[in-house]
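K.L.:
need a structure here:
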Amino acid sequence: METPQSVIDTPSLEGLVETGMLTLESLHPGGIDTTAELAKLCEVGEGDQVLDVASGTGESACFLAETFGARLTGVDRSEAMIHRATAKAQVRDVAARFMKADAASLPFGDDTFDVAICECTLCLLDKARVLGEMTRVVRSGGRVGMHDLYWQEGAPADLKRTLHEIEGEDPESLGGWRAMFERAGLVQVTTVDRSNVKSQWMRESRQRLGVMAQLELLAKVVKRWGLAGAWQVLRSERVLSSDSLGYVLVVGTKP
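P.N.:
Coordinates of the predicted model:
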């Protein structure tokens with residue numbers, strides 16, 4: 001997951017990941033099941049060249065290579081994530097390579113990939129610019145897809161402000177995401193609401209960590225950022241658990 005410099009070592013859920021305090025492999029709602037659904041919507045197939053923007057730990061890229069027979073290229077701005085993903089691909093012996101790159105200025109020529117995806121990270125980035133870059137590097141007839149948070153209609157302004165201040169995230173509304181894909185020049189835009197997986201994923205993530213690991217994580221947060229930092233992380237978790245935030249998959253086709 002590609003993270004702005006401003007939240008890499010600040011009290012936030014993203015900060016937990018970037019500092020290595022939280023070590024979950026799949027860092028988005030629904031986990032690998034959501035990745036598989038996105039791949040099917042994008043019609044990923046054997047031998048397809050797939051770009052994973054903000055590839056994070058490399059878990060999704062390795063899964064797509066193993067399961068769909070695709071050839072993956074992952075880009076991320078975090079050197080630590082690139083090393084972690086590269087080591088994982090080597091251990092699992094899959095067709096996946098990773099490189100450090102800016103998602104807003106991808107180091108690839110036009111029409112290079114069959115599919116470009118971004119998982120639960122676009123709302124952290126310069127959305128329109130990154131989506132434009134993803135569209136540019138995909139071949140005609142190829143697909144661009146993502147899954148991410150979206151604001152329900154009438155979501156309170158204070159929740160939006162809190163999420164932006166702590167996590168640096170600015171989700172669109174459901175209609176806003178569709179419009180952004182269309183402005184990028186994509187057609188046949190499809191949206192699939194998966195809001196149910198968000199709360200389930202958060203519960204299951206806590207269960208996987210276990211009570212003792214959660215207590216140890218809290219102690220690490222307090223040691224690094226103090227009680228005020230721990231409170232800020234809890235505030236962020238409450239916003240992300242709110243019914244005002246939904247979760248959606250969006251896929252479009254490049255004409």
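
K.L.:
Going along the chain, name the helices of this structure.
P.N.:
13-18, 31-41, 59-68, 79-92, 127-136, 157-167, 174-183, 196-241 (DSSP state H).

K.L.:
Let me know which of the ones you listed is the nearest to residue 47.
P.N.:
When these are compared by Cβ to Cβ, helix 59-68 sits nearest residue 47, at 9.5 Å. For the C-beta atoms, the positions are set from N, CA and C on the backbone; glycine is no exception.

K.L.:
May I have that closest one as CSV, with CA atoms only?
P.N.:
This file holds the C-alpha atoms of helix 59-68, laid out as CSV (Å, rounded to 0.1, in the frame of the first residue of the first chain):
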residue,chain,number,x,y,z
GLU,A,59,0.4,-10.7,-1.3
SER,A,60,-2.2,-9.8,-4.0
ALA,A,61,0.4,-9.8,-6.8
CYS,A,62,1.7,-13.2,-5.8
PHE,A,63,-1.9,-14.5,-5.5
LEU,A,64,-2.8,-13.3,-9.0
ALA,A,65,0.3,-14.9,-10.5
GLU,A,66,-0.4,-18.2,-8.8
THR,A,67,-4.1,-18.3,-9.3
PHE,A,68,-4.7,-16.7,-12.7
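
K.L.:
any chance of the helices of the chain in CSV, with distance to residue 109, mean pLDDT and mean neighbour count too?
P.N.:
As requested, the helices of the chain are arranged in CSV below (distance: least, Cβ to Cβ, whole Å; pLDDT from 0 to 100; neighbours: other Cβ atoms under 10 Å):
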stretch, distance to residue 109, mean pLDDT, mean neighbour count
helix 13-18, 30, 75, 22
helix 31-41, 24, 96, 19
helix 59-68, 20, 97, 23
helix 79-92, 21, 95, 16
helix 127-136, 9, 98, 20
helix 157-167, 33, 94, 16
helix 174-183, 22, 98, 17
helix 196-241, 35, 83, 15
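
K.L.:
Present those helices as TSV; the columns should include distance to residue 111.
P.N.:
Below are those laid out as TSV (distance: least, Cβ to Cβ, whole Å):
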stretch	distance to residue 111
helix 13-18	32
helix 31-41	20
helix 59-68	20
helix 79-92	25
helix 127-136	8
helix 157-167	34
helix 174-183	18
helix 196-241	33
